[in-house]
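Chemist: quick one: sequence and predicted model below, then my questions.
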Protein chains: 2
Amino acid sequence: MDHSGPPNLTIGILAKRTGCKVETIRYYEKIGVLPAPGRSSGGQRRYEPGHLKRLNFVRRARDLGFTLADVRSLLGFVDDQDRSRTEIQAIGARHLENVRARLSDLRAMERVLDDMVVRCQCGGVPDCPIIDALFDDDSMEDHSQ
Amino acid sequence: MDHSGPPNLTIGILAKRTGCKVETIRYYEKIGVLPAPGRSSGGQRRYEPGHLKRLNFVRRARDLGFTLADVRSLLGFVDDQDRSRTEIQAIGARHLENVRARLSDLRAMERVLDDMVVRCQCGGVPDCPIIDALFDDDSMEDHSQ
DNA sequence: TATAGGACCTGTAGTGACTATAGGTTCAAG
DNA sequence: CTTGAACCTATAGTCACTACAGGTCCTATA
């Protein structure tokens, strides 16, 4: 009748709830991003709600393209609330810049690729605009920036 | 007075001309993307203009985000001109789709990050919108799409 | 209670596309 | 002939996982 006991969060359930793979969870534990949980008598991992919350944080940050190093920093702020909060903004802003740089690269790629694919009604390699675009010097000289 | 001899393209010059690092060029040779050049009497690589052209192709394709596997395929078309040219377009089109998917992911990231950073005038971790956004469930539920 | 089979365990190796390092050799200018 | 930059090979490291091998545990059903 006592169902207030431990929620018996196995690694598989945690995986399902967070969208992480089981191996990834073990990997996060190994590299110290997720604290080691308790174990069952047979040695299997048994998690608590805090783990779920933290893993969701990690997954979400990763989805946003933060590196694991960034994630570690961000978790540092969570774990040690006394650290400067402006650093949090700095990480966010720095990452936003990264994302915007990648965006502009990708937009340039899209433009060139679209051009290539649309123009490609080629009758063979010697006249293929895709191949040509890659061999010739003009098309991509500085898409970065 | 004979300056029609071999252009003495060393690996360093090739690197400078293509924007590749020396190590990357040796790596491309090892994995078979760039053919092994001749050697000097002392065993150093001496390239010919064809290598420069091919390496430029590889670098440009990589810049456009093609994988090395794609590059290998594309070079296959160059090396064996009898293969179906529709495959070239297929590779281009498939890659364009990839690029567009990455673009839409990045745009979603940008939106969320910008939001986070702009709103972050936080006075500490407990109220930091960046940290909150990562802990709470709502903000990012499906940016992929 | 026995058993089947899914979930779990550890440890290691592989992925992609390089990059870095160590420890040595060659080349070309002065 | 010497100096030092550029080259050589081979190996290990990077990031963020992913996959595999070879085993153990847990639990639902017969």
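Modeler: That came in fine, so what should we check first?
Chemist: near DNA strand C, which residues of chain A are found?
Modeler: Contact residues, chain A versus DNA strand C (Cβ under 7 Å from any atom of the strand): A:10-13, A:15, A:22-23, A:26, A:43-45. The C-beta positions use only the backbone N, C-alpha and C, and glycine is treated the same way.
Chemist: any idea which helix or strand carries the residue in chain A positioned nearest to DNA strand C?
Modeler: Evaluated by Cβ to the nearest atom of the strand, chain A has A:Gly12 as its residue closest to DNA strand C, separated by 2.3 Å. Assigned by DSSP states H and E, A:Gly12 falls within helix A:11-18.
Chemist: could you see whether DNA strand D lies near that helix?
Modeler: No. On the criterion Cβ under 7 Å from any atom of the strand, helix A:11-18 is out of touch with DNA strand D, staying 10.1 Å away.
Chemist: now for that helix, which elements pack on it?
Modeler: Contacts defined by 3 or more Cβ pairs under 8 Å, 6 or more residues apart in numbering or on different chains; DSSP states H and E place helix A:11-18 against helix A:22-30, helix A:49-63.
Chemist: tell me which residue is most central in chain A.
Modeler: The centroid of chain A falls nearest to A:Arg62 when counting by Cα atoms, centre = their mean (2.9 Å).
Chemist: is A:Phe57 in contact with A:Asp79, as I believe?
Modeler: No. Shown here, A:Phe57 and A:Asp79 do not form a contact pair, counting by Cβ atoms under 8 Å, at 11.4 Å.
Chemist: can you give me the strands for chain A?
Modeler: With DSSP state E, the ranges of strands along chain A come out as A:38-39, A:45-46.
Chemist: contacts only, for the residue nearest to the centre of chain A.
Modeler: The contact partners of A:Arg62, by Cβ atoms under 8 Å, 6 or more residues apart in numbering or on different chains, come to A:68, A:71.
Chemist: pLDDT score assigned to it?
Modeler: On pLDDT, A:Arg62 comes in at 89.
Chemist: next one: it from A:Arg39, what distance?
Modeler: To A:Arg39, A:Arg62 is 26 Å away according to Cβ to Cβ, to the nearest Å.
Chemist: re the thing from before, which residues are in contact with the helix holding A:Gly12?
Modeler: A:20-22, A:24-26, A:44-45, A:47, A:51-52, A:55-56, A:59.
Chemist: on that earlier part again, may I see the PyMOL selection of the buried members of the residues of chain A next to DNA strand C?
Modeler: Selection of buried members from these for PyMOL, criterion 16 or more other Cβ atoms under 10 Å in any protein chain shown:
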select buried, chain A and resi 10+11+15+45
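Chemist: ranges for the helices of chain A?
Modeler: Shown for chain A, the helices assigned by DSSP state H span residues A:11-18, A:22-30, A:49-63, A:68-79, A:86-119, A:129-135.
Chemist: how many other residues sit next to A:Gly19?
Modeler: Number of residues near A:Gly19 (other Cβ atoms under 10 Å in any protein chain shown) recorded here: 12.
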